[in-house]
Every structure is written in structure tokens, then in C-alpha cells.
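Novice: Predicted structure and sequence below. I'll ask about it afterward.
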Amino acid sequence: MKKIINKPENFVDETMEGIILAYGDKVKLLNDDKRILLTNQPVNKGKVGIVTAGGSGHLPTFLGYVGQGLIDGCAVGNVFASPSAQKMADMIKACDYGSGVLCLYGNYGGDKMNFEMACETVDFDDVKTAQVRVYDDVASSPVENSDKRRGVAGLLYAFKIAGAAAEKMMSLEEVVAVTEKALSNIKTMGVATSPCIVPEVGKPTFSIDEDKIEIGMGIHGEPGIEIREMMTADEIAELTFNKITEEMPLNEGDEVSVLINGLGATPLEELLIVYRKVHMLLQDKGVKVVMPHIGEYATSMEMSGLSLTLFKLDEELKELLVSPAASTFYTNLNKR
């Protein structure tokens, strides 16, 4: 294992220390707990709190989206491991501003179990909660079992819509409804060309031949749906685009936001080459692109590969998408 770290067991805590030292004017720890990050920005009293949680190793997901117009709090576990239910409960209570808290997170077993226990815990303190799980990965389960799909890069769009809705002082029920509407129109598919290494494990999460590419790989190294000979950028764009649009057809006049997400070790130039082809495919259909995102938004340590996310918009969703948002690792002000 070759990583620029100190001791593997200190990886998460030292990451959090770095975040606080660099961005302490924008985010803070809850009672010096290095597993709970909260916004340090002014918050409108009475707004719905938005929180998430998940394993470390995916920056800017999850910690990087604590900020204005996004999420208010985040709890993290070890690399690729869920934080405890108690950490989640402490975070939820800290992000209750008087109108309840939306727990918005990826559809993974540990996160689901711990959030359910956390919500039961805070109920005793009269904190109203709702849960919405993100399940945008079309490769992880067939459409008839979409409730079993993983949450991947589409988390960014979910945080953006929920955060914007909360800033508009919508009620908890209204924030849930618009977030669920968004999620029904967010689809992702990814490919991987090399694995990652979890620091405390010290070896790759999977293996893949130098001349091969895995289609549908998950962000924790979960198996994809097939392994192929290495493909060109245009071929990857067409494959992922066609898979998504088979399930979510696009028609002339539709509007979408496009996210080309790097998994950690893919150059931005390569992501832009893939975006180029996706843009052409949309242009051929007469579909307009709104606020494209190209870069690293949901990573898997040093995994090489990318994912394509399409977010089909209506007027309400477009308004929420383009409303201002800024965090330590994200802003849409340069995309407006």
C-alpha cells in the first residue's frame, strides 16, 4: 500500500482535523466529536434541518456538502463504514431548528439500520424526523427492485434540492415530497478501471485486468454487471447514456442536468471528453442541458473510473437546482 497518510487508524480523525483547520469559519465539530460535522454558518430559525451520514473515503461526499443551501450536518464512520446510531442521533438533535429534520442518505443496510434507530432515539426528545434514501444506481438492481438500488453520485443532486427547499422555508413534508420527486428523475451508472485501497485493510478492494473495464461497479467496490475490454470515452458515454435513457426516456424539449463524476483518480480532461459525447447525444435528441457538473463529487478513494448521472428537470426542480449553494467543497455559483 502506498498512501500519503500517517497511521491508517488515524485516517478519518486526521482528515476531520484538516477540514476544521482549513475551513473552521464555515464548519465545526459537534462538541469536539471528530465524527460529526455541522455548519458554522447562520441558519434561519424554523427551517427544516437536512442531515446525512455514511462512511468516510468518498470526499466531497458526505462531509463536503455541509454548507449553505445544502446539508446542515453530517456524521461519518470509518472508511466505507456507517457511523453509529448514537452519532446520528446527536447530529439530528443539533440540526433541529424547530421544524424537524430530514435524514437524507444512500440506500445502504448499515446506514438505514442506524438512522432508523437514531430517529427512534430523538423521538423521545420530541424531534420530528423523516427519512429519504437515495437509490440512483441503475446498474445495482433491476427497475422492478429499484428500492434495493445503491445511492451513488445522485446524492449531490438530492442534497442540492432538499437544501434549497429547506432554505425556501418549506415544511418537512414539502421538503420530503420535492426531494422524492427529484429522486424519481435522477439516474446514475458508473464504470471502473482500477480499484481502491482502504487504509486499514491495506490491499485493493477488487482486481481488474489492465485491459479491462467493469461496468456498473459500486463506489465501495461492489461487483458490476459485466467486465468488458477497455472502451473509448465515446463508447462509455453511449453505454451509460443508453442504459439510463432506456429507463428514463428523454424527449425533445426536455431539460436535464448532467453530472460526470470522477471516482478519485480519473483526470478532469477525461471526464470532459466523456461529457462532450453526452452533450452531443442530448443535443441530437433536442434536450437542453442545465447547469452541468463535471469533476469529483462522490469518490472512492483512489479508484479510477467515472459515473454519469442524468437529472430530468421540471420548472420547480430547475429553480431549486440553480438557487445559490456553497460549502467547503462545492458551489454552484460558477455554474449559473
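Specialist: Good, I have the coordinates.
Novice: Report all helices and strands that the helix or strand hosting Ser304 contacts.
Specialist: Using DSSP states H and E, the element containing Ser304 is strand 304-313. With contacts defined as 3 or more Cβ pairs under 8 Å, 6 or more residues apart in numbering; DSSP states H and E, the packing partners of strand 304-313 are helix 155-167, strand 186-194, helix 233-247, strand 255-262, helix 268-285, helix 315-322. For glycine as for every other residue, the C-beta is placed from the backbone atoms N, C-alpha and C.
Novice: That one vs helix 233-247, what angle?
Specialist: If you take axes from the mean of the first three to the mean of the last three Cα atoms, to 10 degrees, strand 304-313 sits at 40 degrees to helix 233-247.
Novice: so strand 304-313 versus helix 315-322, what angle?
Specialist: Put simply, strand 304-313 runs at 140 degrees to helix 315-322, going by the same axes, to 10 degrees.
Novice: pLDDT averaged over strand 304-313, what's the number?
Specialist: Across strand 304-313, the average pLDDT comes to 98.
Novice: ok, now stretch 4-13?
Specialist: Averaged across stretch 4-13, pLDDT comes to 97.
Novice: now it, how far from the centre of its chain.
Specialist: Mean-position distance between stretch 4-13 and its chain equals 23 Å (Cα atoms, centre = their mean, to the nearest Å).
Novice: Now do it: distance from first to last residue.
Specialist: Stretch 4-13 has an end-to-end distance of 15 Å (Cα to Cα, to the nearest Å).
Novice: For that stretch, which outside residues touch it?
Specialist: Residues from elsewhere that reach stretch 4-13 (Cβ atoms under 8 Å, 6 or more residues apart in numbering): 14, 34-35, 56, 76-79, 199-200, 202.
Novice: Could you rerun that using 6 Å?
Specialist: Residues outside stretch 4-13 that contact it (Cβ atoms under 6 Å, 6 or more residues apart in numbering) are 34, 56, 78, 199-200.
Novice: Same question for stretch 148-157.
Specialist: Applying Cβ under 6 Å, 6+ apart, the contact partners of stretch 148-157 are 61, 106-107, 134-137, 140-141, 186, 188, 218-219, 259, 261, 297-298, 307, 309, 311.
Novice: ok, of those residues, which come out buried?
Specialist: 61, 106-107, 134-137, 140, 186, 188, 218-219, 259, 261, 297-298, 307, 309, 311 (16 or more other Cβ atoms under 10 Å).
Novice: quick one, domains of the protein?
Specialist: Split into domains by automatic domain parsing, the chain comes to 8-183, 186-314.
Novice: that older thread, name the nearest of the contacts of stretch 4-13 relative to Gly18.
Specialist: Gly18 lies nearest to Lys34 out of those, by Cβ to Cβ, at 10.8 Å.
Novice: List the residues that contact that closest one.
Specialist: 13, 16.
Novice: same question for the one helix or strand it maps to, mean pLDDT?
Specialist: Using DSSP H and E, Lys34 sits within strand 33-39. Per-residue pLDDT over strand 33-39 has a mean of 98.
Novice: Alpha carbons only: can I get that strand in PDB?
Specialist: Extracted in PDB, the C-alpha atoms of strand 33-39 (Å, rounded to 0.1, in the frame of the first residue of the first chain):
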ATOM      1  CA  ASP A  33     -16.500  15.000  18.200                       C
ATOM      2  CA  LYS A  34     -14.400  14.200  15.100                       C
ATOM      3  CA  ARG A  35     -17.200  12.100  13.600                       C
ATOM      4  CA  ILE A  36     -19.800  14.800  13.500                       C
ATOM      5  CA  LEU A  37     -19.500  17.900  11.300                       C
ATOM      6  CA  LEU A  38     -22.000  20.800  11.400                       C
ATOM      7  CA  THR A  39     -22.500  24.000   9.500                       C
END
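Novice: Direction included, what does that strand pair against?
Specialist: Using DSSP bridges, strand 33-39 pairs in its sheet with strand 27-30 (antiparallel), strand 73-79 (antiparallel).
Novice: now the ones you listed as JSON lines including mean neighbour count?
Specialist: Compiled in JSON lines, the strands paired with strand 33-39 are given as follows (neighbours: other Cβ atoms under 10 Å):
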{"stretch": "strand 27-30", "mean neighbour count": "19"}
{"stretch": "strand 73-79", "mean neighbour count": "25"}
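Novice: now the residue sitting furthest away from the middle of the chain: how far from Asp111?
Specialist: The outermost residue of the chain relative to its centre, with distances by Cα atoms, centre = their mean, is Phe124 at 29.7 Å. Distance of Phe124 to Asp111, computed by Cβ to Cβ, to the nearest Å: 21 Å.
Novice: Could I get the helices and strands packed on strand 304-313 in CSV, plus columns for distance to Thr52?
Specialist: CSV is the format used below for those (distance: least, Cβ to Cβ, whole Å):
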stretch, distance to Thr52
helix 155-167, 7
strand 186-194, 15
helix 233-247, 24
strand 255-262, 17
helix 268-285, 24
helix 315-322, 17
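Novice: So for Ala177, which of the ones you listed sits nearest?
Specialist: Evaluated over the helices and strands packed on strand 304-313, closeness to Ala177 peaks at helix 155-167, with 8.9 Å, by Cβ to Cβ.
Novice: starting at the chain centroid, how far to that closest one?
Specialist: 11 Å.
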